[in-house]
Structures are given as structure tokens and as C-alpha cells.
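Participant: After the sequence you'll find the predicted model.
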Amino acid sequence: METIIRKYEELLGSRMLLSSPEKNAVNIMHAYLEPFYKTINNICTTKVLTIGLVLFFMDHILEMIAACRDSRHNPDWLKAAAEQMAIKARNYNDQICNVFTYMTAILDPRIKVELIPDSINLENYLEEARTHFIRNYSTSHFQSVTSSYAAQELEDGGTVSFAEEIARKKRRASMSSATDELTQYLSEPPAPISTDVLEWWKVNS
């Protein structure tokens, strides 16, 4: 930041001179906005963007806004801006928080329930989702529930380790025969963030 300021001071002379408080304000604003830049950059460059991933990133942004607003070390002008941003963010959450958004988010194998924002992770949503899936997508009351997922191919061309395949089978074997597929799916840890979601569901459909 200092390098950029110096560059323009040399170019524009006295028309660009910033006082120390002004330079400090620029640095504070830069530090505050950097996570927003990183988040937007990640969203725009993600191969398969899903609602679950957007909610994951938005939850991080909400935490950054709240931390800025509640910090005793930030100047009042920045905390006031963060408060206005928090109001808009809450309004955004109120609009998108429903059972269909929840179901879409948990079907991202990278997110599931573990990484879904607390604001949308309501117990009744899980039960509503379970009822919806059983009513609309179950086949013969999940006769295939004990069948194992196919091994997930990795970026290096290998597959999930043999030990992991055994662990998956044991986790499934310990579940009740009446357990539904949603519970089975959620019982396993989320996939790495770098996972191609479409490829994951082709393997694990």
C-alpha cells in the first residue's frame, strides 16, 4: 500500500499528498475490504458454483462484518459502515433462508450440514428435507442403503485409499437397516472444497 501511495505521489506531486491520518484510513479500509476481494475472486473462479458454496462464503463475510462492527480498535466511521452492511446482510439472510435453500446446500458434498451457516441450519429443516426426499426420491424404502459408494477419483488419477473404503463400509454396517440415504450421506465427512461436485454425484448417485 505504501508503494502505491508513493508511486502516485511522485506522479501527481502535491495534488496527491496524503496526510498520515489519511494514509492510515486507506490502510484500514484496504485491510477491511481484502477478504471481500478474496471471496469474490474465489466465487468467480470456482469451476462448479453451488448455493451451498455461496452460503459458505457469505457466512465468512458476515463474520468479518460482525468482527469489524464489534471491534473496539476500529474507528467509528468504519464501524458505522459495518453496521449498515450487517443490516443488509441480515436482510439477505432473511430472504434466502428456507427449507429449499437448505436442501440444495446440504446436497453439496463439500458443505453438507457441517459447513452450512448456523442461520440456516435449523433442526426442522433437516426433518423437512428428510420427509421430502423419502416422499419423492426413495425406492422400495432404500433397499440399496447398505451398498457402498463407488470410490471417488482424485485429481492425481488415483482413488480413495483401500483403508478409507473399508472405513466407509464399516460406518454403513453400523447403521440401522432402516436408516435412510440422507442420514447415510450426512454421516460421512464433507468432501474437500476442491472437489468437482458434478463428478462426485456421477460417482455417488
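Facilitator: Received it, and whenever you're ready, just let me know what you need. Numbering: from 1, shown residues only.
Participant: CA atoms for contacts and neighbours, from now on please.
Facilitator: Noted.
Participant: where's the residue nearest to the spatial centre of the chain, which helix or strand?
Facilitator: For the chain, Phe56 is the residue whose C-alpha lies nearest the centre (CA atoms, centre = their mean; 1.8 Å). Under the criterion of DSSP states H and E, Phe56 resides in helix 51-70.
Participant: Look up how far Lys47 lies from the residue nearest to the centre of the chain.
Facilitator: Counting by CA to CA, to the nearest Å, the gap between Phe56 and Lys47 amounts to 16 Å.
Participant: ranges for the strands of the chain?
Facilitator: Per DSSP state E, the chain carries no strands over any range.
Participant: Low-confidence stretches in it?
Facilitator: Counting by pLDDT under 70, the chain has low-confidence residues at 1, 14-16, 138-160, 164, 168-179.
Participant: quick one, longest helix in it?
Facilitator: Longest helix of the chain, by residue count under DSSP state H: helix 20-45.
Participant: report the angle between the axes of it and helix 51-70?
Facilitator: Between helix 20-45 and helix 51-70, the angle comes out at 170 degrees (axes from the mean of the first three to the mean of the last three CA atoms, to 10 degrees).
Participant: Buried ones in helix 20-45, by neighbour count?
Facilitator: Across helix 20-45, burial judged by 16 or more other CA atoms under 10 Å covers 26, 32, 36, 43.
Participant: cool, stretch 185-201 as well?
Facilitator: 185-186, 190-191, 195-197, 200.
Participant: Just flag the most distant two among those.
Facilitator: Distance extremes for the buried residues of stretch 185-201: the farthest pair is Leu186 and Asp196 at 18.0 Å, using CA to CA.
Participant: and the buried residues of helix 20-45 as TSV, adding distance to Asn98?
Facilitator: Listed next are those as TSV, based on distance: CA to CA, whole Å:
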residue	distance to Asn98
Val26	39
Tyr32	30
Phe36	25
Ile43	22
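Participant: Can you tell me which of those residues is nearest Glu181?
Facilitator: Closest to Glu181 out of the buried residues of helix 20-45 is Ile43 (29.7 Å), distances taken as CA to CA.
Participant: What residues does the closest one make contact with?
Facilitator: 49, 54 (CA atoms under 8 Å, 6 or more residues apart in numbering).
Participant: Could you report the distance from Ile51 to Asn204?
Facilitator: For Ile51, the distance to Asn204 - CA to CA - is 19 Å.
Participant: For these two, indicate the residue with more neighbours.
Facilitator: Set Ile51 next to Asn204 and count neighbours by other CA atoms under 10 Å: Ile51 wins out with 17 against 13.
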